[in-house]
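K.L.:
This is the structure alone, sequence omitted:
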């Protein structure tokens, strides 16, 4: 079981997930969409593709670009396409 927690709330929780470069990637259905706000931020990974970001919004507190995902991952990273990972103070337990 993996769980992502921020500001006292469980943001994502799942028995199935992918590990890539030390990050837990949660399947989209395991992430609580009510805590995610789309961001205009995008970054490029040479082997995974272009990442898109979410800002977390929990109980009036915001954590900018604290979650990312690859909506159209490269062929080498298709296993995480659409999956969501966290950073910037989000605690991820396994």
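P.N.:
Noted; the coordinates are in hand. None of the values given here were measured: they were computed from a predicted structure.
K.L.:
Tell me the secondary structure at the closest residue to residue 32 other than its chain neighbours.
P.N.:
Taking C-beta to C-beta, 6 or more residues apart in numbering as the measure, residue 32 lies nearest to residue 11, with 5.8 Å between them; neighbours along the chain are not counted. Any C-beta I mention is one placed from the backbone N, CA and C, and that applies to glycine too. Following DSSP: H, G, I helix; E, B strand; the rest coil, the label given to residue 11 is strand.
K.L.:
you'd agree residue 11 is up against residue 90?
P.N.:
Yes. Residue 11 is in contact with residue 90 according to C-beta atoms under 8 Å; the separation is 6.7 Å.
K.L.:
I'd guessed residue 82 sits against residue 29; true?
P.N.:
No. If you go by C-beta under 8 Å, residue 82 and residue 29 don't touch, sitting 9.7 Å apart.
K.L.:
What is the burial count for the residue nearest to residue 32?
P.N.:
Using other C-beta atoms under 10 Å, the number of residues around residue 11 comes to 28.
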